[in-house]
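Trainee: sequence below, structure please.
(one chain, ligands or ions: 1)
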Amino acid sequence: MNLFDRCRDFQSKIEYLKTHNQFFYLREFDPAATPVVTQKGKEYIMLGSNNYLGLVDHPKVIEATRKALENFGTGACSSRVLTGTTSLHTKLEKRLARFKGTQDSVVFSTGFMTMMGTISAITGEDDLIFSDELNHASIVEGCRLSKAKKQIYRHNDMGHLEEQLASTPSEKSKMIVTDGVFSMKGTVANIPAIKELADRYGAAVMVDDAHGTGVLGEKGHGTLEHYDLEGKIDLVCGTFSKSLCTIGGFTGSNSEVVTFLKLNSRSFIFTASPPPFVAATVLACLDVIDNEPEILRRLRDNTEFVKTKLKDYGFVLEDTITPIIPIMINDDEKTFRMAGALEEAGVIINPVVYPAVPPGASLIRVSVMASLSTEQLSEALDKMKAVGKKLQII
Ligand SMILES: Cc1ncc(COP(=O)(O)O)c(C=O)c1O
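Mentor: Numbering: from 1, shown residues only. Model (predicted):
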């Protein structure tokens with residue numbers, strides 16, 4: 001077989017999906033993360049972005065980013081380990097540590113590289129990793145890259161996790177890894193139970209708080225604030241690509257672990273530093289989160305508004321306290337049809353099918369932003385109701 005036959009075969013699959021209106025990937029939106037976006041000149045209401053707090057065009061964030069761009073240029077043009085660390089990177093690491101209640105933190109160039117590089121540096125071939133079955137692909141890759149033995153426990157199933165922990169030799173070093181908020185279903189990990197099991201069985205805990213940061217907890221500091229467990233978890237990671245509205249990621253821990261990661265994590269060492277203006281963007285977002293709590297309140301009001309309406313209309317929702325609202329469809333064909341009909345009507349949502357969720361558990365992932373107005377939400381909800389009725393989903 002020619003090496004590139006797989007590309008040709010794949011192309012025919014894409015053509016098939018496109019002719020059946022089932023291809024919702026690699027579209028072009030200008031801009032991409034605002035309440036109203038345009039695609040090929042047509043306007044859409046955006047219910048598919050992770051810009052939960054809507055800070056992507058906040059005046060203070062734009063101003064801080066612009067200033068850093070003018071003072072530091074477009075990039076640092078080297079690895080963080082060599083000449084690619086600026087005072088903005090260091091300031092951000094200290095600020096993130098304070099925000100997350102850890103001693104120190106390390107900033108990576110993407111969230112994916114954060115999880116992959118943290119897990120693969122911390123664990124080795126004699127160790128054991130326990131990972132939730134719905135953990136993000138970046139965690140899965142980290143586990144794959146690490147030579148540690150992996151055990152996958154059923155989603156948020158603490159009984160299953162305990163069974164696995166109990167059946168492993170006590171002298172082995174162990175780490176439990178979980179998303180804080182699961183990206184597709186919006187469920188929140190049971191961190192108190194995980195922490196209790198970890199203490200009982202002598203395991204470390206790593207939480208990927210990509211979707212919890214800015215969203216959960218009274219101040220929006222994330223899943224650990226929500227559970228009052230700040231400073232009590234070994235490794236707290238996250239990304240800048242959701243509420244912090246740019247690109248990059250971080251791991252918070254004690255100073256020794258952070259220094260170890262900076263000098264041992266291959267996805268930190270062998271890649272270029274994130275541009276300094278990215279650090280300025282995140283610093284400004286963290287200040288806005290701390291100083292303008294009304295934005296988080298607005299996000300919560302918007303989330304409640306959408307959830308209540310969708311339930312009233314008869315949609316079946318997975319229970320969630322986050323702005324990720326999953327409408328359970330459990331049928332790939334219907335999920336795609338709903339996404340297509342909504343797009344035609346001017347609303348963007350994400351259809352989610354296997355392998356992002358288990359087979360047969362397809363869903364429509366609605367994600368809410370604080371910056372969406374009640375009028376925009378009402379218009380989108382009316383359209384969802386009409387499409388849901390037409391496709392006999394409600
Ligand atoms: C839970 C989770 N972890 C990690 C990542 C990777 O982050 P990034 O997109 O910033 O590389 C994502 C986002 O895609 C995510 O949802």
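Trainee: and the stretch 201-350 of the chain, which residues reach the ligand?
Mentor: Selection of the stretch 201-350 of the chain residues close to the ligand by C-beta under 6 Å from any ligand atom yields 208, 210-211, 239, 241, 249. Any C-beta I mention is one placed from the backbone N, CA and C, and that applies to glycine too.
Trainee: reformat the residues you listed as a markdown table; add secondary structure and neighbour count.
Mentor: Output for these, formatted as a markdown table (DSSP: H, G, I helix; E, B strand; the rest coil; neighbours: other C-beta atoms under 10 Å):
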| residue | secondary structure | neighbour count |
| --- | --- | --- |
| 208 | strand | 34 |
| 210 | coil | 28 |
| 211 | coil | 29 |
| 239 | strand | 27 |
| 241 | coil | 18 |
| 249 | strand | 28 |
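Trainee: ok, so of those residues, who is nearest residue 220?
Mentor: Closest approach to residue 220 among those (C-beta to C-beta): residue 211, at 12.1 Å.
Trainee: excluding chain neighbours, what is closest to that closest one?
Mentor: residue 181 (3.8 Å; C-beta to C-beta, 6 or more residues apart in numbering).
Trainee: was I right to think that neighbour contacts residue 212?
Mentor: Yes. Residue 181 is in contact with residue 212 according to C-beta atoms under 8 Å; the separation is 4.4 Å.
Trainee: spatially nearest residue to the closest residue to the ligand within the stretch 1-150 of the chain, not counting backbone neighbours?
Mentor: Nearest to the ligand in the stretch 1-150 of the chain, going by C-beta to the nearest ligand atom, is residue 111, at a distance of 2.3 Å. Excluding the flanking residues, the one nearest residue 111 by C-beta to C-beta, 6+ apart is residue 239, at 2.7 Å.
Trainee: now do the single longest helix found in the chain: which elements does it pack against?
Mentor: Identified as the longest helix of the chain according to DSSP state H is helix 293-313. Under the contact criterion of 3 or more C-beta pairs under 8 Å, 6 or more residues apart in numbering; DSSP states H and E, helix 293-313 touches helix 276-291, strand 324-328, helix 374-390.
Trainee: got the buried residues for the longest one?
Mentor: Using 16 or more other C-beta atoms under 10 Å as the test for burial, helix 374-390 gives 376-377, 380-381, 383-385, 387-388.
Trainee: and the contacts of the longest helix of the chain?
Mentor: Residues outside helix 293-313 that contact it (C-beta atoms under 8 Å, 6 or more residues apart in numbering): 52-55, 214-215, 219-220, 288-289, 317, 322-323, 325, 327, 366, 368-370, 372, 374, 377, 381, 384-385, 388, 394.
Trainee: list the buried ones in it?
Mentor: With burial defined by 16+ other C-beta under 10 Å, the residues of helix 293-313 counted as buried are 295-296, 298-300, 302-303, 305-307, 309-310, 313.
Trainee: and the strands in this protein?
Mentor: For the chain, the strands defined by DSSP state E occupy 36-39, 42-46, 104-108, 128-132, 149-153, 174-179, 203-208, 235-239, 249-253, 324-328, 347-348, 350-352, 363-367.
Trainee: using JSON lines, lay out the ones you listed together with mean pLDDT.
Mentor: Shown next, in JSON lines, are the strands of the chain (pLDDT from 0 to 100):
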{"stretch": "strand 36-39", "mean pLDDT": "97"}
{"stretch": "strand 42-46", "mean pLDDT": "98"}
{"stretch": "strand 104-108", "mean pLDDT": "98"}
{"stretch": "strand 128-132", "mean pLDDT": "98"}
{"stretch": "strand 149-153", "mean pLDDT": "97"}
{"stretch": "strand 174-179", "mean pLDDT": "98"}
{"stretch": "strand 203-208", "mean pLDDT": "98"}
{"stretch": "strand 235-239", "mean pLDDT": "98"}
{"stretch": "strand 249-253", "mean pLDDT": "98"}
{"stretch": "strand 324-328", "mean pLDDT": "97"}
{"stretch": "strand 347-348", "mean pLDDT": "98"}
{"stretch": "strand 350-352", "mean pLDDT": "96"}
{"stretch": "strand 363-367", "mean pLDDT": "97"}
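Trainee: how about those, which one is nearest residue 71?
Mentor: strand 104-108 (18.3 Å).
Trainee: contact partners of the closest one?
Mentor: Residues from elsewhere that reach strand 104-108 (C-beta under 8 Å, 6+ apart): 80, 89, 92-94, 96-97, 114, 117, 248-255, 258-259, 261-262, 265, 267-268, 274, 279.
Trainee: that strand to strand 249-253, inter-axis angle?
Mentor: 160 degrees (axes from the mean of the first three to the mean of the last three C-alpha atoms, to 10 degrees).
Trainee: distance between strand 104-108 and the chain's centre?
Mentor: Between the centre of strand 104-108 and the centre of its chain there are 17 Å (C-alpha atoms, centre = their mean, to the nearest Å).
Trainee: show me the shaky parts of the stretch 201-350 of the chain.
Mentor: Filtered on pLDDT under 70, the stretch 201-350 of the chain yields no residues whatsoever.
Trainee: quick check: residue 140 touching residue 131?
Mentor: Yes. Using C-beta under 8 Å, residue 140 is in contact with residue 131, at 7.4 Å.
Trainee: for those two, indicate the residue with more neighbours.
Mentor: Counted by other C-beta atoms under 10 Å, residue 140 and residue 131 do not tie: residue 131 has more neighbours, with 22 against 18.
Trainee: measure the closest residue to the more buried one other than its chain neighbours to residue 31 for me?
Mentor: With C-beta to C-beta, 6+ apart as the criterion, residue 131 has its nearest non-adjacent residue at 4.9 Å, and that residue is residue 177. Taking C-beta to C-beta, to the nearest Å as the measure, residue 177 falls 34 Å from residue 31.
Trainee: and what of residue 286?
Mentor: Using C-beta to C-beta, residue 286 is found at 22 Å from residue 31.
Trainee: before we move on, the earlier item: need the residues touching each of residue 181 and residue 212.
Mentor: Contact with both residue 181 and residue 212 is made by residues 188, 223, 322, according to C-beta under 8 Å, 6+ apart.
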